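Participant: Kindly return the folded structure for what I paste below:
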Amino acid sequence: MLIRTEAPADILAVDRLLKSAFDTEAEANLVMKLRENGRRSLSLVASTDEGEVVGYLLFSPVTLNGEDFNWQGLAPLAVKEEFRGQGIAAQLIEEGFASLFELGYPACVVLGDPAYYSRFGFVSAEQHNMHCKWEVPAGAFQVKTLAEDEFSGRSGLVEYSSEFDTL
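Facilitator: Got it, this is the predicted structure:
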């Protein structure tokens, strides 16, 4: 399995993957809008030795109380159904964190299953007095620091870019 930065030649394969991995086309449409509007900070693909794209991960900017601290939101994350359970999503996430850190992005947020994302160091945003604008189950909105003390003295509303409002 090769984890690499998404290339322009991957766009159609990623679109097909997202449409097959989710119940609706909302995530695929979101990714297209984020690309078109220049809101994609980092996107990674997982491909087989034959070059088939079987996994995808995107990071896009988020703000805290309207201020840009270079934080990133992880969404979406998808793995082709027949390749699930092989650790591909975990590889994408770990490679993504390493790349974000190297690029100088100090924190990441995610809206997802706490049992899954806590394995990667995410904690409930509530622990840092942070929240998102959507009503979500307790613990589902989570944060992770990539740089030491990034959350020190910070709290409030974390907002994704406006493209997420259409989900």
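
Participant: what are the ranges of the strands in this protein?
Facilitator: If DSSP state E is used as the criterion, the strands of the chain fall at 2-5, 42-47, 53-64, 72-79, 107-111, 123-124, 130-131, 141-145, 156-160.

Participant: Report all helices and strands that the fourth one contacts.
Facilitator: With contacts defined as 3 or more Cβ pairs under 8 Å, 6 or more residues apart in numbering; DSSP states H and E, the packing partners of strand 72-79 are helix 11-21, helix 26-36, strand 53-64, helix 88-102, strand 107-111. No exception for glycine: its C-beta is placed from N, CA and C like everyone else's.

Participant: Okay, now the sheet partners of that strand, with direction.
Facilitator: strand 53-64 (antiparallel), strand 107-111 (parallel) (DSSP bridges).

Participant: now do the second one
Facilitator: When sheet partners are counted by DSSP bridges, strand 42-47 sits next to strand 2-5 (antiparallel), strand 53-64 (antiparallel).

Participant: Give the full set of residues in contact with the nearest residue to residue 129 once chain neighbours are set aside.
Facilitator: Distances taken as Cβ to Cβ, 6 or more residues apart in numbering put residue 155 closest to residue 129, at 3.6 Å, once the chain neighbours are dropped. Shown in contact with residue 155 (Cβ atoms under 8 Å, 6 or more residues apart in numbering): 128-130.

Participant: try residue 138
Facilitator: Neighbouring residues of residue 138 by Cβ under 8 Å, 6+ apart: 124, 126.

Participant: Distance check, it against residue 114.
Facilitator: Distance of residue 138 to residue 114, given as Cβ to Cβ, to the nearest Å: 9 Å.

Participant: neighbours of residue 40, just the number please.
Facilitator: Around residue 40 sit 17 other residues, with neighbours defined as other Cβ atoms under 10 Å.

Participant: Skipping adjacent residues, who's closest to it in space?
Facilitator: Setting aside the residues directly before and after it, residue 40 is nearest to residue 34 in space (Cβ to Cβ, 6+ apart), at 5.0 Å.

Participant: That neighbour reaches residue 160, doesn't it?
Facilitator: No: using Cβ atoms under 8 Å, residue 34 makes no contact with residue 160, being 9.8 Å away.

Participant: Residue 146: neighbouring residues, count only.
Facilitator: Other residues within reach of residue 146, judged by other Cβ under 10 Å, total 19.

Participant: Against residue 101, how distant is it?
Facilitator: Taken as Cβ to Cβ, the spacing of residue 146 relative to residue 101 amounts to 5 Å.

Participant: Same question for residue 27.
Facilitator: Distance of residue 27 to residue 101, computed by Cβ to Cβ: 25 Å.
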